[in-house]
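A.B. asks: here is my input; please provide its structure:
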Amino acid sequence: MGAAAKRPLLPTITPVLEELDKPGEECGVFGVYAPGRNAAHLTYFGLFALQHRGQESAGICASDGETATVFKEMGLVAQVFTEDTLSALPGHLAIGHTRYSTTGSSGWKNAQPTFRQVDDRSISCAHNGNLTNTSALSTELGLTKITDSELMAEMIAQGVVGDDPQDLERSVMESAQRFEGAFSLVIMDQHHLIGLRDNNGFRPLCLGTLNDGWILASETAALDIVGATFVREVKPGEMVVIDQNGVRSLWPFEEEASPRLCVFEFVYFARPDSRLYGRDIHGVRQQMGRHLAAEQSIDADVVVPVPESGIPAAQGFSAASGIPYADGLVKNRYVGRTFIEPTQLLRDRGIRLKLNPIRSTLEGQRVVLVDDSIVRGSTTKQLVKMVRDAGAKEVHLRISSPPYKNPCFYGMDTTDTSRLLAARMDVQEIEEYLEADSLGYLSLAGLLDATGVADQGFCTACLSGVYPTEVPLGLDKFVLERA
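C.D. replies: This is a model prediction of the structure:
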């Protein structure tokens with residue numbers, strides 16, 4: 001039997017202000033099959049390593065082979081889980097999720113993992129990505145006002161009709177062929193752990209080993225924190241089934257896989273200590289900075305990163321240009337989400353809740369300010385002003401990716417084109433709007449070359465406007481809730 005999700009007694013957590021002009025993180029997923037180990041504790045630490053991928057809610061489902069229980073709540077991993085809550089999640093099998101809402105609103109009912117009880121079978125799913133055929137699936141299943149993740153869970157659960165232990169994997173195989181868009185999933189019942197990537201591999205998923213157990217995770221950094229050893233990336237279009245017999249690979253899709261990993265994993269999403277396509281993320285970002293310096297050279301006195309995501313690109317820019325690197329901005333790492341609404345005075349202070357200048361670094365200097373991306377532009381404008389107000393003589397903005405001008409429908413919260421600065425303005429107009437002395441972006445060719453694995457396949461739709469799959473008109477994150 002399974003235990004349905006229960007609402008813990010935690011207050012709702014509200015954001016202080018949006019992340020600094022970044023696309024909304026996707027989500028993080030983690031799965032453990034580790035006989036003799038406490039899977040919930042391992043999952044907690046795995047989610048802790050994936051916290052950057054979603055800060056709205058967190059959840060864990062665990063099974064001891066008989067009972068599966070899910071616990072989830074709004075907030076950061078360390079706020080949601082305590083020793084008491086983890087001790088109520090016994091067992092050697094677990095999955096976990098950190099959420100940033102890209103389909104559906106931010107609320108407890110949309111937190112994951114999802115949970116379904118089918119007779120004696122407890123089925124739970126955690127999803128990273130976005131489906132593009134949500135409306136069609138919603139109509140087919142007769143369900144509205146839920147997320148695409150809930151639709152996937154419902155379809156899988158409806159396919160589990162017998163007592164055959166392999167019924168779950170058969171249902172996942174059949175259901176996967178009905179899903180369109182981006183999905184990296186971890187799925188479990190009381191006895192099995194399943195990992196699944198869509199045929200384009202838009203979102204990452206990797207496999208690791210821990211003694212005689214197995215780990216699935218969005219990023220390799222989550223393997224490191226629990227002491228697991230990286231084995232390989234789950235391939236686009238691959239389904240891995242983990243149980244007492246080990247690991248098996250199945251291939252649900254009839255068509256050949258066409259790898260299209262989101263290029264923003266390299267630009268911003270993935271932790272710098274993770275690896276994708278066999279490449280070190282930190283090293284790739286430094287290479288982006290070197291390419292940026294070659295493409296967008298400038299005569300200046302100091303290279304300053306926007307912490308923390310702009311640091312490696314600024315290091316590379318400095319190394320290639322010969323302009324000295326210096327820290328000129330300090331980030332308050334503990335501001336992001338709070339139990340207390342900030343006063344209007346603090347809201348008016350805007351960006352200073354997160355960043356504060358080091359005047360001695362900036363005063364009287366011609367500053368190259370390096371960041372990885374500009375999406376909406378509002379906080380970047382404040383940032384340029386703040387650096388100038390700290391005494392900078394000139395502020396030259398350099399961005400280690402091309403202009404972000406197209407909506408993403410595969411797992412980023414940027415479906416509203418009207419909020420994308422580069423969709424409304426060209427580079428010269430953006431420079432004038434931001435009140436920078438100059439603005440330079442890395443080219444798409446330079447970005448792909450910097451990865452060192454351009455031939456492996458990337459989705460660049462947000463930058464190029466070329467979408468790997470058909471995207472229905474009118475698709476946005478609230479399409480099901482408005483139905």
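
A.B. asks: let me see the domain layout of this protein.
C.D. replies: Here the domain assignment for the chain is 2-260, 280-458, based on automatic domain parsing.

A.B. asks: next, the distance between the ends of the last one.
C.D. replies: Using Cα to Cα, to the nearest Å, one end of domain 280-458 lies 16 Å from the other.

A.B. asks: looking at the domains of the chain, which one is packed in the most?
C.D. replies: When the domains of the chain are scored by mean count of other Cβ atoms under 10 Å, the highest mean neighbour count falls to domain 2-260 (a mean of 21). No exception for glycine: its C-beta is placed from N, CA and C like everyone else's.

A.B. asks: pull the distance from it to the chain's centre.
C.D. replies: The chain centroid and the centroid of domain 2-260 are separated by 13 Å under Cα atoms, centre = their mean, to the nearest Å.

A.B. asks: try stretch 392-401
C.D. replies: Centre-to-centre, stretch 392-401 and its host chain are 26 Å apart (Cα atoms, centre = their mean).

A.B. asks: send the alpha carbons of that stretch over as PDB?
C.D. replies: Presented in PDB, the C-alpha positions along stretch 392-401 are these (Å, rounded to 0.1, in the frame of the first residue of the first chain):
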ATOM      1  CA  ALA A 392      33.300  53.600 -12.800                       C
ATOM      2  CA  LYS A 393      34.400  55.900 -15.600                       C
ATOM      3  CA  GLU A 394      33.000  53.600 -18.300                       C
ATOM      4  CA  VAL A 395      30.900  50.500 -18.200                       C
ATOM      5  CA  HIS A 396      31.300  48.100 -21.200                       C
ATOM      6  CA  LEU A 397      28.900  45.200 -20.900                       C
ATOM      7  CA  ARG A 398      30.000  41.800 -22.400                       C
ATOM      8  CA  ILE A 399      27.600  38.800 -22.600                       C
ATOM      9  CA  SER A 400      29.000  35.300 -23.100                       C
ATOM     10  CA  SER A 401      26.000  34.100 -25.200                       C
END
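
A.B. asks: closest one to Tyr268 among the domains of the chain?
C.D. replies: Across the domains of the chain, Tyr268 has its closest neighbour in domain 280-458 (5.1 Å, Cβ to Cβ).

A.B. asks: give me the mean pLDDT for the closest one.
C.D. replies: Per-residue pLDDT over domain 280-458 has a mean of 91.

A.B. asks: tell me how far it lies from the chain's centre.
C.D. replies: Using Cα atoms, centre = their mean, the offset of domain 280-458 from its chain centre is 19 Å.

A.B. asks: give me the residues contacting the host helix or strand of Gln117.
C.D. replies: Per DSSP states H and E: Gln117 is located in strand 114-118. Residues from elsewhere that reach strand 114-118, judged by Cβ atoms under 8 Å, 6 or more residues apart in numbering: 1-2, 4-5, 61, 68, 70, 122-127, 149-150, 152-154, 156-157, 160.

A.B. asks: now stretch 233-252
C.D. replies: 31, 33, 35, 169, 172-174, 176-177, 184, 191-201, 204-207, 214, 216, 253, 257-260, 276-277.

A.B. asks: what about the strands in the stretch 251-400 of the chain?
C.D. replies: Assigned by DSSP state E, counting those that start in this stretch, the strands in the stretch 251-400 of the chain fall at 261-262, 275-276, 279-280, 302-305, 329-331, 337-338, 355-357, 366-371, 394-399.

A.B. asks: just checking, what packs against the fifth one?
C.D. replies: To tie it back to what came earlier, the one meant is strand 329-331. Helices and strands touching strand 329-331, by 3 or more Cβ pairs under 8 Å, 6 or more residues apart in numbering; DSSP states H and E, are strand 355-357.

A.B. asks: which residues in the stretch 51-200 of the chain form strands?
C.D. replies: 57-63, 68-74, 93-99, 114-118, 121-128, 184-188, 193-197.

A.B. asks: just put those strands in a markdown table and tack on distance to Arg333.
C.D. replies: Output for these, formatted as a markdown table (distance: least, Cβ to Cβ, whole Å):
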| stretch | distance to Arg333 |
| --- | --- |
| strand 57-63 | 18 |
| strand 68-74 | 20 |
| strand 93-99 | 17 |
| strand 114-118 | 31 |
| strand 121-128 | 24 |
| strand 184-188 | 27 |
| strand 193-197 | 31 |
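
A.B. asks: format those as a markdown table; extra columns: distance to Asp426 and mean pLDDT.
C.D. replies: A markdown table is the format used below for the strands of the stretch 51-200 of the chain (distance: least, Cβ to Cβ, whole Å; pLDDT from 0 to 100):
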| stretch | distance to Asp426 | mean pLDDT |
| --- | --- | --- |
| strand 57-63 | 38 | 97 |
| strand 68-74 | 40 | 95 |
| strand 93-99 | 35 | 96 |
| strand 114-118 | 43 | 94 |
| strand 121-128 | 33 | 96 |
| strand 184-188 | 35 | 98 |
| strand 193-197 | 37 | 98 |
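
A.B. asks: so Val395 sits right up against Glu431, yeah?
C.D. replies: No. Val395 lies out of contact with Glu431 (Cβ atoms under 8 Å); the separation is 10.6 Å.

A.B. asks: and the strands of the stretch 251-400 of the chain as a markdown table, adding distance to Val453?
C.D. replies: What follows is the strands of the stretch 251-400 of the chain, written out as a markdown table (distance: least, Cβ to Cβ, whole Å):
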| stretch | distance to Val453 |
| --- | --- |
| strand 261-262 | 9 |
| strand 275-276 | 8 |
| strand 279-280 | 6 |
| strand 302-305 | 24 |
| strand 329-331 | 30 |
| strand 337-338 | 34 |
| strand 355-357 | 32 |
| strand 366-371 | 23 |
| strand 394-399 | 22 |
